[in-house]
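In: Task: produce atomic coordinates for the following.
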Amino acid sequence: MRVLHIITGLGIGGAEQQLRLLLSRLPTESEVVTLTNPGPVAEGIVADGVPVTDLAMTGNKDLGALPRLTKLVKQGRYDLVHTHLYRACLYGRFAARLAGVRTIVATEHSLGAVQIEGRQLSTGARALYLAGERLGTTTVAVSATVARRLERWGVRHDRIHVVPNGIDVGRFAYDENARRAARSRLGLPLDAFVVGGVGRLTPSKRFDTLVRAVAELPRARLLLVGDGPERERLRRLARRWGAAHRILLHGACEDPPRAVPGTLPGETLQGDPSDGLSGELSDVLSDESSAEPAHAPDLPSLLAAMDVFVSTSYDEAFGLAVVEALAAGLPVLHVTCPALHDLPADDAPGARQISGSVPELVAELRQFEETFPRRLPVPRAARHYDISHSAEQLMTVYGHAVRGTAPTREVSCP
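Out: Have a look, this model is predicted:
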């Protein structure tokens, strides 16, 4: 089966890295078109052996991109077109139809309760989404929560099918040596109590509350993995609250990392984003940063360096970082996580839902600091979301979409 994946961009992000992970498991002849921003994930996909084409779209209103994309789809003679993220779903569905492809699958990665891809939901965004959705064959939701949101938006129940995000569970297994090496690289004492978080540094992630909470715990450190527009604000807040020396902003982390000559297991090569690599090594809150590429810990090693994981985001479509933290054996505090809400509570005994207020975070983290939590067994929730299972479910959706038959209950919207 020849499949073309169309995605809005391939910078470091959850949907982008999820696509790369899936491509390595799908038994299809796949190619990828990115509308814009062929960043580090594009380089990783190419390194994995999958061709990537950059459409070089200049913005949301670059209508000239549509005929270029239509031509690419027509030339490729694909059996199925699979679109990812809002802009790519809109342009990709139209292009596929114009090119004569009638089997079109779209994955909704980022529909939150009040926002989509970080933008507030609006009547106009909904109308455009539904206009494009009618041109497709089926819409994949990354969680049952997202499936219900799609229905409330007006997408027909029988056109929605749940294929959850997945992780490579084995990669995140806790490794004491990786912990020591990561802490050494990051300048974290082995006996330090380290609170961790992973995600784009945007207002909706509410990392400012986590910075404030850690600032009130004089012996605690905070390791944030991710980059985004809130970076400088978080720097200023940490300085204002007298915790700059205890807050580490690691930058974005490509996962899975590309294989780079000279790196060791548990390392990835990171440097300035402009050179096509994946971000800074680490940045203890000062104005100093390395412009030279450096060997940096990969995501499993960074999780190994943490003692407790916190997700302060108030609006998620899945909560991939929480599932990865659970696979790493970390106790988890989260404000919302659809991936866990969709499962029985005892599937993730190490996770606890919180309101996310600063006083509550301080109290919870102080309790962890006093008991210094040990690593937990990998819970059923993490194993439930193994990427191999997600790939199998997606292939079922593909098969039924091509044949025009109804999918099985396992991948249907509950």
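
In: Where does the prediction get shaky in the stretch 1-150 of the chain?
Out: For the stretch 1-150 of the chain, no stretch has pLDDT under 70.

In: mind listing the helices for it?
Out: Using DSSP state H, counting those that start in this stretch, the helices of the stretch 1-150 of the chain run over 14-23, 40-47, 65-76, 86-98, 123-133, 144-153.

In: Let me have these in TSV, extended by distance to Ser390 and mean neighbour count.
Out: No exception for glycine: its C-beta is placed from N, CA and C like everyone else's. Compiled in TSV, the helices of the stretch 1-150 of the chain are given as follows (distance: least, CB to CB, whole Å; neighbours: other CB atoms under 10 Å):
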stretch	distance to Ser390	mean neighbour count
helix 14-23	7	22
helix 40-47	17	22
helix 65-76	25	17
helix 86-98	19	24
helix 123-133	22	15
helix 144-153	14	20
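
In: how about those helices, which one is nearest Glu232?
Out: Closest approach to Glu232 among these (CB to CB): helix 40-47, 21.6 Å.

In: Let me have the helices of the stretch 1-150 of the chain in JSON lines, extended by distance to Pro189.
Out: Rendered in JSON lines, the data for these read as follows (distance: least, CB to CB, whole Å):
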{"stretch": "helix 14-23", "distance to Pro189": "30"}
{"stretch": "helix 40-47", "distance to Pro189": "30"}
{"stretch": "helix 65-76", "distance to Pro189": "51"}
{"stretch": "helix 86-98", "distance to Pro189": "44"}
{"stretch": "helix 123-133", "distance to Pro189": "47"}
{"stretch": "helix 144-153", "distance to Pro189": "39"}
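
In: who wins for proximity to Gly199 among those?
Out: Proximity to Gly199 (CB to CB) singles out helix 14-23 among the helices of the stretch 1-150 of the chain, at 8.2 Å.

In: And for the closest one, what's in contact with it?
Out: Identification of contacts with helix 14-23 by CB atoms under 8 Å, 6 or more residues apart in numbering yields 5, 7, 9-10, 30, 32, 39, 41, 44-45, 48, 50, 84-85, 107, 109-110, 142, 165-168, 254-256, 318, 320-321, 387, 390-391, 394.

In: Over to Gly196. Which of the three states is it?
Out: Gly196 falls in the strand class when you classify it by DSSP: H, G, I helix; E, B strand; the rest coil.

In: neighbours of the residue lying closest to Thr103 once chain neighbours are set aside, just the number please.
Out: With sequence-adjacent residues excluded and distances taken as CB to CB, 6 or more residues apart in numbering, Thr103 is closest to Leu80, at 4.5 Å. Residues near Leu80, counting by other CB atoms under 10 Å, number 23.

In: Check the one 3 residues further on too.
Out: Close neighbours of Thr83, defined as other CB under 10 Å, add up to 29.

In: any idea how far Gln367 lies from Gln353?
Out: Separation of Gln367 from Gln353 (CB to CB, to the nearest Å) stands at 16 Å.

In: who does the nearest residue to Pro51 once chain neighbours are set aside bridge with?
Out: Nearest non-adjacent residue to Pro51, counting by CB to CB, 6+ apart: Glu31, 4.9 Å away. Bridge pairing for Glu31 (DSSP bridges) gives the partners Leu4.

In: ok, so what distance separates Glu31 from Val358?
Out: Distance, Glu31 to Val358, using CB to CB: 47 Å.

In: before we move on, back to that, compare Gln367 and Gln353 (neighbour count), which wins?
Out: Neighbour tally, Gln367 and Gln353, criterion other CB under 10 Å: the higher count belongs to Gln353, 15 against 11.

In: Any chance of the backbone angles for the closest residue to that one other than its chain neighbours?
Out: Excluding the flanking residues, the one nearest Gln353 by CB to CB, 6+ apart is His334, at 6.0 Å. The phi/psi pair for His334 (degrees, to the nearest 10) reads phi -140, psi 150.

In: Verify the stated contact: His334 with Phe318.
Out: No. The criterion here is CB atoms under 8 Å, and His334 misses it with Phe318 at 11.9 Å.

In: secondary structure element for Arg352?
Out: Using DSSP states H and E, Arg352 sits within strand 351-353.

In: So which residues make contact with that strand?
Out: Against strand 351-353 from outside (CB under 8 Å, 6+ apart): 322, 326, 331-337, 340, 364, 379, 381.

In: Inside helices: which ones of the residues you listed?
Out: Those of the contacts of strand 351-353 mapping onto helices are Val322, Leu326, Leu340, Glu364, Ala381, per DSSP state H.

In: From Ala127, how far off is the residue nearest to Gln353?
Out: As judged by CB to CB, His334 and Ala127 stand 33 Å apart.

In: got it, and Ile247?
Out: On the measure of CB to CB, Ile247 and Ala127 end up 42 Å apart.

In: before we move on, back to that, nearest to Leu201 among the helices of the stretch 1-150 of the chain would be which one?
Out: For Leu201, the closest of these is helix 14-23, at 13.7 Å, according to CB to CB.

In: Can you report how many residues lie near Val310?
Out: 31.

In: List the contacts of the helix or strand where it lies.
Out: Element membership for Val310 (DSSP H and E) is strand 308-311. Here strand 308-311 makes contact (CB under 8 Å, 6+ apart) with 195-199, 210, 303, 319, 321-322, 325, 328, 330-337, 361, 365, 368, 373.

In: So which of Glu31 and Val358 has more stuff around it?
Out: Glu31 (19 against 16).

In: Please tell me how far that one sits from Ala325.
Out: 33 Å.

In: same deal with Ile12?
Out: Taken as CB to CB, the span from Ile12 to Ala325 is 18 Å.

In: what about those two, which has more around it?
Out: Ala325 (28 against 22).

In: Identify the residues contacting that one.
Out: Ala325 makes contact with Gly196, Val198, Leu303, Met306, Phe309, Val332, according to CB under 8 Å, 6+ apart.
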